[in-house]
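[1] Generate a structure from the sequence data that follows.
(one chain, ligands or ions: 2)
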Amino acid sequence: MLKALDLELTHDALATSTLSHGLKVFGDRWTVQVMLSVFLGIRRFDELQSHSGIPRPTLSNRLRALVQIGVLKPRLYQERPPRHEYHLTRKGTGLYDATLMVWLWEQRWGSRAVALPQKLHHKTCQHDFSPELTCQACGDKVGMNDLSFSLSPNARLRHEPLEGMSPPRMSTRESAEMSLGLRVDRWSLLVLTAVVLGCHYFDQISKVLGIGPNVLSRRLSGMVEVGLLRCATDAHDARRRLYRLTPSSRDLFGYIVCLSTWAGESHLHEPSSIRPRHLACQHSFMPRVACDHCHQTLFPWDVSFTSSKAKNT
Ligand SMILES: [Zn+2]
Ligand SMILES: [Zn+2]
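    Ligands and ions are numbered 1, 2, ... in the order given. Got it, this is the predicted structure:
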């Protein structure tokens, strides 16, 4: 999608992207799980624990981190012993667009072992709806192919090298659950973004993400296995393998773009080095998640839902 693929530039842009920084905060499945639950109105430690099945020490650790970055704010609801509810701050509420995109993806492709809303209802227009990604400037519905990308590495976000983005170490139990639940983590999202930016070959992906061949090879075959990538042999060179997006990874684009916009605007206060433009209206693309029935912007307080039972219990 770039005019000519410049691997060095792509590497710098990915390393300084608001996405990669945003994923440092929201790239692990437990954190995403906590946020999804809080948006469903689950606020107390024990309820969060039983809803998400997160081990208690992990949950208190994630809650502490979310309070620290200012997306949740604890409120005492019982004095003795002290018990807290976790409420969304304004900054946290800004993650609603990204959350709606996760719900949508999970409805279509997910196998999350946690109850998520089956039906969303928009109180404003009184209709059940599906969230859709639209362009803030012109209001049109937008998919990945409606955008072009320009790269402009942001030196202020350069302090941490991309190589430092090692995935958090997982216990055996966590990795086992990973294969049942959420199949998408920080590394997969960065690999997908590299592919969106035009890196289709193994060596290209390895170079722009700074991942060594052994680790990358495991990652890519894992992603092919769960249907996030398609792998083919290059028609011109049988030794080279080509990686392409699938319908399910294309559907993750909404989440990627909403999370990276939130990270730039509300968390880092810096523009992203990956800049999408809406081809139809020629404006810089800013996402807005809207109701597919009335096309109004969605806010958590205007949406009600019916929750399903967990699929995997
Ligand atoms: Zn537009
Ligand atoms: Zn509506």
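[2] show me where the stretch 1-150 of the chain has helices.
    For the stretch 1-150 of the chain, the helices defined by DSSP state H, counting those that start in this stretch occupy 7-15, 18-26, 29-39, 45-52, 56-68, 90-93, 96-109.
[3] Quick one: these as JSON lines, columns for mean neighbour count, mean pLDDT and distance to Arg218 too.
    (Glycine included, C-beta is placed from N, CA and C.) Formatted as JSON lines, these follow (neighbours: other Cβ atoms under 10 Å; pLDDT from 0 to 100; distance: least, Cβ to Cβ, whole Å):
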{"stretch": "helix 7-15", "mean neighbour count": "20", "mean pLDDT": "94", "distance to Arg218": "20"}
{"stretch": "helix 18-26", "mean neighbour count": "22", "mean pLDDT": "88", "distance to Arg218": "19"}
{"stretch": "helix 29-39", "mean neighbour count": "22", "mean pLDDT": "88", "distance to Arg218": "18"}
{"stretch": "helix 45-52", "mean neighbour count": "17", "mean pLDDT": "91", "distance to Arg218": "27"}
{"stretch": "helix 56-68", "mean neighbour count": "15", "mean pLDDT": "94", "distance to Arg218": "24"}
{"stretch": "helix 90-93", "mean neighbour count": "16", "mean pLDDT": "96", "distance to Arg218": "34"}
{"stretch": "helix 96-109", "mean neighbour count": "21", "mean pLDDT": "90", "distance to Arg218": "22"}
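[4] Reformat these as JSON lines; add distance to ligand 2.
    As requested, the helices of the stretch 1-150 of the chain are arranged in JSON lines below (distance: least, Cβ to the ion, whole Å):
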{"stretch": "helix 7-15", "distance to ligand 2": "36"}
{"stretch": "helix 18-26", "distance to ligand 2": "27"}
{"stretch": "helix 29-39", "distance to ligand 2": "18"}
{"stretch": "helix 45-52", "distance to ligand 2": "27"}
{"stretch": "helix 56-68", "distance to ligand 2": "29"}
{"stretch": "helix 90-93", "distance to ligand 2": "19"}
{"stretch": "helix 96-109", "distance to ligand 2": "13"}
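[5] can you tell which of these is closest to Trp187?
    Comparing the helices of the stretch 1-150 of the chain against Trp187 with Cβ to Cβ, the closest turns out to be helix 18-26 (8.7 Å).
[6] ok now the closest one, how far from the chain's centre?
    Taking Cα atoms, centre = their mean, to the nearest Å, one finds the center of helix 18-26 at 9 Å from the center of the full chain.
[7] any idea of the angle that helix forms with helix 7-15?
    On the basis of axes from the mean of the first three to the mean of the last three Cα atoms, to 10 degrees, helix 18-26 is oriented at 40 degrees to helix 7-15.
[8] dump the residue contacts of Asp292.
    Phe129, Ser130, Pro131, Glu132, Lys141 (Cβ atoms under 8 Å, 6 or more residues apart in numbering).
[9] Please tell me how far Gly41 sits from Trp301.
    As defined by Cβ to Cβ, to the nearest Å, Gly41 lies at a distance of 11 Å from Trp301.
[10] again but with Leu19, I slipped
    Relative to Trp301, and taking Cβ to Cβ, Leu19 is found at 28 Å.
[11] now do Leu63
    Distance, Leu63 to Trp301, using Cβ to Cβ: 23 Å.
[12] From Ser37, how far off is Ala15?
    Distance of Ala15 to Ser37, computed by Cβ to Cβ: 31 Å.
[13] which residues does Val257 contact?
    Leu133, Pro276, Phe285, Pro287.
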